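>>> missing the sequence, but the structure's below:
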């Protein structure tokens, strides 16, 4: 294996025109050695990648987009338009760079599993750490999605039924509804063997969020100042900014939460390598293109949603923007349905990396088993449902998860993997790429320490966390 690491062709260092250059490019395109003459080349150990570039972009975009999009206008209200957009752009570029580090490491050693990169870099401890961070982050993300279903679906059903139901009706019980949704919709999708097949549901999920964005833009021009919420006869809602003053730069006690919120909003790294594995004609350039297009699309969607949401409600926008609109508004009712559909269809995509991490830790040499595949999915969904149902206040848990897992997955792990995996005789510790990676990891540690510091300070001062989830 050490010889493989030092083979120039595996690192793409053979100069152009060298007699081995063409062969090295062919090997790099698939990561695996070429088969004997007369045999068909395969890209993976058990199947060939069949997911198109566009479908892979849908999957990765859906993995990036999360429930945090509902809180971006709130983040903008606490930073100002220009500062928020600058931070959003920086986070998008840094996320693309961290994916570049991951893909470079994967291409060098021929590994397409986040956990196995950890093992290659730091042995068993690295593998366990990577798998643990992935599981922690994605379980938190799945929980946030099911919390949205728990809180929003009863409102939607109640609006449709109007006065025909009471609050005690079982079909208005959020706990019952998340169990039904988990069994009837999420579980069948989570039992699919390959992530690529979820590209169609990912496309539908993204379509729902585009509809949400269009509605936010439309409502900006239909809600006039002074702002009113719900029944206009009630007058301006309490606490709304009657002057509708736009802030371009602002600093307050909540500004420090913006960077962790944005970091959490761009986390997709556990899904990158599984999507790469199922990409048709996989190569580092093609997968980086998928990542760049997905991040670019989400940057545009995040920026527009935050801007128009903020310009509708200004400094009084709530952390979950949908709560600012009337519950009887027909368009907003449709938006709620679209958001519910989007988060429901995202849960299976987020579940795949957790199951893969568990399999890498507990069954690394075992062949695929439907019994194990189903059991892990059932166990994960049961755990998340229990968390959502029985934990009375999970906001503090989400705050800690967001402050620890997001910087780890975006900044710290890809950087230290790169520094350890790329040999020193190819790139010394004093080389520009490794200095950049070390700086990147340091930035992640600073963001983590800052986020945890402000969260703990909030707990000490106010007794509650104001952190946001993905």
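Sure, I can see it. Quantities reported herein were computed from a predicted structural model and do not represent experimental measurements.
>>> how about low-confidence regions in the protein?
1-49, 163-168, 195-201, 225-243, 253, 392-399, 462-470 (pLDDT under 70).
>>> buried set for the helix or strand encompassing residue 358?
Secondary structure assignment for residue 358, by DSSP states H and E: helix 330-362. For helix 330-362, burial by neighbour count (16 or more other CB atoms under 10 Å) applies to 332-333, 335-361. Yep, even glycine has a C-beta here, placed from its N, CA and C like the rest.
>>> any idea how far the helix or strand following that helix is from the chain center?
Remark: after helix 330-362, the chain's next helix or strand is helix 370-390, criterion DSSP H and E. Distance of helix 370-390 from the chain centroid (CA atoms, centre = their mean, to the nearest Å) equals 20 Å.
>>> For helix 370-390, which helices and strands make contact with it?
Counting contacts by 3 or more CB pairs under 8 Å, 6 or more residues apart in numbering; DSSP states H and E, helix 370-390 is packed against helix 114-161, helix 174-181, helix 187-190, helix 330-362.
>>> helices or strands next to the longest one in the packing?
In terms of contact count using 3+ CB pairs under 8 Å, 6+ apart, helix 114-161 is assigned the packing partners helix 81-109, helix 174-181, helix 269-277, helix 330-362, helix 370-390, helix 395-407, helix 413-421.
>>> of the ones you listed, which approaches residue 452 most closely?
Residue 452 lies closest to helix 395-407 among these, at 4.9 Å (CB to CB).
>>> For the helix holding residue 358, name the packing helices and strands.
Using 3+ CB pairs under 8 Å, 6+ apart: helix 330-362 touches helix 53-64, helix 114-161, helix 187-190, helix 199-222, helix 269-277, helix 370-390.
>>> Residue 295 and residue 89 touch, don't they?
No - counting by CB atoms under 8 Å, residue 295 does not reach residue 89; the two are 10.6 Å apart.
>>> neighbours of residue 57, just the number please.
Neighbourhood size, residue 57 [other CB atoms under 10 Å]: 24.
>>> Save the helices and strands packed on helix 114-161 as TSV, and put in distance to residue 188 too.
Converted to TSV, the helices and strands packed on helix 114-161 look like this (distance: least, CB to CB, whole Å):
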stretch	distance to residue 188
helix 81-109	30
helix 174-181	11
helix 269-277	19
helix 330-362	9
helix 370-390	10
helix 395-407	27
helix 413-421	32
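>>> just the ones you listed: most buried one?
Sort these by mean neighbour count, taking mean count of other CB atoms under 10 Å, and helix 269-277 sits at the top with a mean of 25.
>>> Skipping adjacent residues, who's closest to residue 351 in space?
In space, and not counting its chain neighbours, residue 351 is closest to residue 190: 4.9 Å by CB to CB, 6 or more residues apart in numbering.
>>> tell me the contacts of that neighbour?
When contacts are counted by CB atoms under 8 Å, 6 or more residues apart in numbering, residue 190 touches 347-348, 351-352, 377, 380-381.
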